[in-house]
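[1] need a structure here:
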Amino acid sequence: MDSLIGNTPLVKYAGEVPNGNAVCIKRECDNPFGSHYDRVYLALFREFEANRGLTAETPVMETSSGTAAVSFVGVGEALGFENFHVAIPQGIDSTISDLLGVPEGREMPKPDYLKDTVARIVEGKRATVYFTPEQDYVNGFPDFIKRFLPRNRDVAFLNHSMDRQRGGPAYANNETSLSALEGITREAQQQIPIGIYMPAVGNGSSVLGPARALSEESLIIPFESVQSAVLYDRLYPGRYQKRFGIEPGTLPKHKLRGTSYQGIDFPHIRSAVTQGIIDDVVLIGDRWLDAAYHQMTGKDETASLPHWDQEFPGCGEYGRSTRAGIAAALDVAKTCHGKNILVIAYDKADRYDKWPIIPK
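    A predicted model of the protein is given here:
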């Protein structure tokens, strides 16, 4: 697997970029199972095998909003594992469910201890999938895990988004995940000097990990949906409410699957702020959030934000999070000159239902 994962292509955005800047796209979507999480799970499975007693016979568990689950199962199968448990929100794109073998699976009865935490359980072709309540999105995971793991002590929870602190119950950075993702910027820097790195804010791992491998001269400017503004609100307390007249998380759930969402206090995000590595945050909008914001406030403030739901030359195959990164980079390019701006191609369009959704 080492020769198949990583060393992904670095390509230039084909459209016009202001001020002599270049938007460079690291195609993590070309990894065997379609995302940067391939790097993470190759490292996590090996870490658990080497230091935590994991064997190919051990049942393994992960939580995911979608993309990570595909890499978790794909990498695990390639390494010889067979017994996968995945918690994902109900209502996830059917393309993700298909990749996990849900349509070919059979509905399982919900045990009493999970009845309030899952909408349904399906023993899929590739994994047993626990659908947490749709309205909770990723915020349904902590309660599920608290109930599931004590009754399934044979299951190893890889937990790519955080790790247990030694000697206590609190959670800390997942150093295995972060180290694996450093490869993204290490590889890119071998080809170009990186002036600005612009990752998505999800659980913070693709912000904090790759940032560690950058030179001190590189700026770190992540992006996230205006709906969530998790990192933005941490970096600029109170500014969101003054700017938009509402609190972060008030608008309906955004469509940038895998990016930040109000609720869970991810250590990677917290660390990125406390370590002072974040130079700014770009908020991303779309026409659905514009309409919801206008209906809620009578204002159009979100309409001035960069939007992912538009055409980008030569980018037809990219998914929403990748498009959001390009939109953010083009916005930042208006404010600087002669920089290489690095974004990640997190996914492809075929990972989403109802595509294309670009307005005509």
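
[2] contacts and neighbour counts: CA atoms only from here.
    Fine.

[3] OK, contacts around the closest residue to residue 161 other than its chain neighbours?
    Excluding the flanking residues, the one nearest residue 161 by C-alpha to C-alpha, 6 or more residues apart in numbering is residue 203, at 5.9 Å. Residues in contact with residue 203 (C-alpha atoms under 8 Å, 6 or more residues apart in numbering) are 161, 259, 260, 266, 268, 269.

[4] Which parts of the stretch 1-150 of the chain are strands?
    10-12, 22-26, 60-63, 84-89, 106-108, 120-123, 128-132 (DSSP state E, counting those that start in this stretch).

[5] helix or strand for the residue nearest to residue 161, which one?
    Applying DSSP states H and E as the criterion places residue 203 outside every helix and strand.

[6] I'd like the distance between it and residue 63.
    12 Å (C-alpha to C-alpha, to the nearest Å).

[7] now swap in residue 1 and tell me
    23 Å.

[8] One more: residue 164?
    Going from residue 164 to residue 63 by C-alpha to C-alpha gives 15 Å.

[9] I'd like to know which helix or strand in this protein has the lowest mean pLDDT.
    Within the chain, no helix or strand scores below strand 163-164, which has a mean of 84 by mean pLDDT, DSSP states H and E.

[10] packing partners for that one?
    Under the contact criterion of 3 or more C-alpha pairs under 8 Å, 6 or more residues apart in numbering; DSSP states H and E, strand 163-164 touches strand 171-172.

[11] what pLDDT, on average, does the strand it packs on get?
    For strand 171-172, the per-residue pLDDT values average out at 90.

[12] Would you mark the buried spots in the next helix or strand after it?
    Next helix or strand after strand 171-172 toward the C-terminus (DSSP H and E): helix 175-189. Neighbour-count burial for helix 175-189 flags 175-188 (criterion: 16 or more other C-alpha atoms under 10 Å).

[13] Over to stretch 49-62?
    Those would be 54, 55, 59, 60, 61, 62, for stretch 49-62 by 16+ other C-alpha under 10 Å.

[14] Check stretch 298-312 too.
    By neighbour count on 16+ other C-alpha under 10 Å, the buried set for stretch 298-312 is 302, 303, 305, 306, 307, 308, 309, 310, 312.

[15] returning to what we had before: please identify which of the buried residues of stretch 49-62 is nearest to residue 11.
    Using C-alpha to C-alpha, residue 62 comes nearest to residue 11 of the buried residues of stretch 49-62, at 31.6 Å.

[16] My guess is the closest one contacts residue 155. True?
    No: counting by C-alpha atoms under 8 Å, residue 62 does not reach residue 155; the two are 10.0 Å apart.

[17] For the stretch 151-300 of the chain, which residues score under the pLDDT cut-off?
    Along the stretch 151-300 of the chain, segments meeting pLDDT under 70 span 165-169.
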